[in-house]
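[1] pasting the structure only:
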């Protein structure tokens, strides 16, 4: 199949209702419909999900490891962005 | 068993009934031999993703075979469990249709075999799921969802190969033509020819494939008269159990 390989797809699974789709991995498939089916076979064999998204890997724009310093490090010393400056009322759940 | 008394009634009603046991063997053997053939693709599929897909389908069929053969053994009442039925019968005792025992051929032949089989198993299981025999209805209720997926998977491939390149079209048409005669055996019982065609024909049309004409209709599988291919398949499938009776992993 060299030179004639199926395109790469990224797979996102929603584990159950109310949760977001999360990235679980990637696979090769000739088109979107088959990618969805391959994802079902590869990533939901053990009841991992109730919904699947497949996205062409080529359609994803990713941040570059080279930009790590400028992208992410500046957030490191800005503790005031965390919601930790107030008291949580007693009895609050799911926070 | 949600209704023990009712279930016992079902089992009692059929116990020792050779026609019922034979019917269950027919269903179970179709699934078992299909599973064995599909498993031959393991680690040899065109792509890794397809390898997993075919193995999943093989395991679905094997799971159905286990339930059906276990039930057949109980009805038969001669103390044979699923293993005894799968591994210790000779070819003349198998009741599977000829289609499932035919060699895999190339990928197009394998897909055509699965497509034709699923187009039969899906309406069959749908009927049995609403049938009087509660235990069989429970088994069919589970397997018909699996069959729906097998049908989808094989139909998707039939369309892609039929409506694909010149070479894939040629191979898919060849597979359809070669296997078509064996589909008559599928539609000589609970599933009518019209019912089966109503599933198969739209897919063939969508795949730009010609529907072959009806003619030669080989049969015999349901009465234990098989092609030579089954003997070789059984030799491979049964050798371990026969060499080491009762062996466990």
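    Cool, got the structure. The shown structure was predicted, so the numbers you read here are calculated from the model rather than taken from an experiment.

[2] C-alpha only now, for contacts and for neighbours.
    OK.

[3] number of nearby residues for residue B:244?
    Residues within reach of residue B:244, counting by other C-alpha atoms under 10 Å in any protein chain shown, total 9.

[4] mind listing what it touches?
    By C-alpha atoms under 8 Å, 6 or more residues apart in numbering or on different chains, the contact set of residue B:244 is empty.

[5] quick one: it and residue B:88, what's the gap?
    Going from residue B:244 to residue B:88 by C-alpha to C-alpha, to the nearest Å gives 12 Å.

[6] Please apply the same query to residue B:217.
    With the distance defined as C-alpha to C-alpha, residue B:217 ends up 30 Å from residue B:88.

[7] And those two? Which one has more around it.
    residue B:88 (17 against 11).

[8] ranges for the helices of chain B?
    Taking DSSP state H to define them, one finds helices in chain B at B:4-14, B:18-39, B:48-76, B:82-87, B:98-101, B:107-129, B:134-162, B:166-179, B:193-206, B:228-243.

[9] what's the closest non-adjacent residue to the spatially most central residue of chain A?
    Nearest residue to the geometric centre of chain A (C-alpha atoms, centre = their mean): residue A:23, 2.8 Å. Taking C-alpha to C-alpha, 6 or more residues apart in numbering or on different chains, and ignoring the residues beside it in sequence, residue A:23 has residue A:12 as its nearest neighbour in space, at 4.3 Å.

[10] what sits against the one you found?
    Contacts of residue A:12 were listed using C-alpha under 8 Å, 6+ apart, and they are A:21-25, A:52-54.

[11] that older thread, highest mean neighbour count out of the helices of chain B?
    Highest mean neighbour count of those: helix B:98-101, a mean of 26 (counted as mean count of other C-alpha atoms under 10 Å in any protein chain shown).

[12] related to what we said a few turns ago, confirm the residue nearest to the centre of chain A sits in a helix?
    No: counting by DSSP: H, G, I helix; E, B strand; the rest coil, residue A:23 is located in no helix; its state is strand.

[13] State the distance from it to residue A:29.
    Residue A:23 is 17 Å from residue A:29, where distance means C-alpha to C-alpha.

[14] Please apply the same query to residue B:85.
    39 Å.

[15] now swap in residue B:93 and tell me
    Distance from residue B:93 to residue A:29, by C-alpha to C-alpha: 41 Å.

[16] of these two, who's got more company?
    residue A:29 (22 against 18).

[17] Could you verify my assumption that the more buried one touches residue A:38?
    Yes: contact criterion C-alpha atoms under 8 Å: residue A:29 and residue A:38 qualify, at 7.3 Å.

[18] So for these two, which residues contact both of them?
    With C-alpha under 8 Å, 6+ apart as the test, residue A:29 and residue A:38 both reach residue B:49.

[19] Counting neighbours, what do you get for residue A:93?
    7.

[20] How about residue A:75?
    Residue A:75: 10 neighbours (other C-alpha under 10 Å).

[21] Same question for residue B:186.
    By other C-alpha under 10 Å, the residues close to residue B:186 number 23.

[22] cool, and residue B:225?
    When neighbours are counted by other C-alpha under 10 Å, residue B:225 comes out with 18.

[23] For it, report the pLDDT, please.
    At residue B:225, the pLDDT value in this model is 97.

[24] pLDDT weak spots in chain A?
    A:1-3, A:95 (pLDDT under 70).

[25] For the helix ranked longest in chain A, give me every contacting residue.
    Secondary structure of chain A read by DSSP H shows that its longest helix is helix A:32-43. Helix A:32-43 is contacted from outside by A:9, A:11, A:24, A:27-29, A:52-55, B:49-50, B:52-53, B:56, B:153, B:156, using C-alpha under 8 Å, 6+ apart.

[26] Return the residues of chain A in contact with chain B.
    Counting by C-alpha under 8 Å from any C-alpha of the partner chain, chain A comes close to chain B at A:27-29, A:34, A:37-38, A:41-42.

[27] residue contacts, the residue nearest to residue B:146 when sequence neighbours are not counted?
    Spatial nearest neighbour of residue B:146, excluding adjacent residues (C-alpha to C-alpha, 6+ apart): residue B:60 at 6.7 Å. Applying C-alpha under 8 Å, 6+ apart to residue B:60 gives the contacts B:35, B:143, B:146.

[28] What is the nearest of those residues to chain A?
    residue B:146 (12.1 Å; C-alpha to the nearest C-alpha).

[29] Please report how far that closest one lies from residue A:74.
    52 Å.

[30] just residue B:225 next, same as before
    Taking C-alpha to C-alpha as the measure, residue B:225 falls 77 Å from residue A:74.

[31] now chain B, which segments are flagged as low pLDDT?
    Within chain B, the stretches with pLDDT under 70 are B:1-11.

[32] what does it put close to chain A?
    Residues of chain B lying near chain A (C-alpha under 8 Å from any C-alpha): B:49-50, B:52-53, B:56, B:153, B:156.

[33] swap the cut-off to 7 Å and go again
    Contacts of chain B with chain A, taken as C-alpha under 7 Å from any C-alpha of the partner chain, map to B:49, B:52-53.

[34] Strands of chain A, residue ranges please.
    Assigned by DSSP state E, chain A shows strands spanning A:8-14, A:22-28, A:51-56.

[35] Go through those and pick out the most buried.
    strand A:8-14 (a mean of 21).
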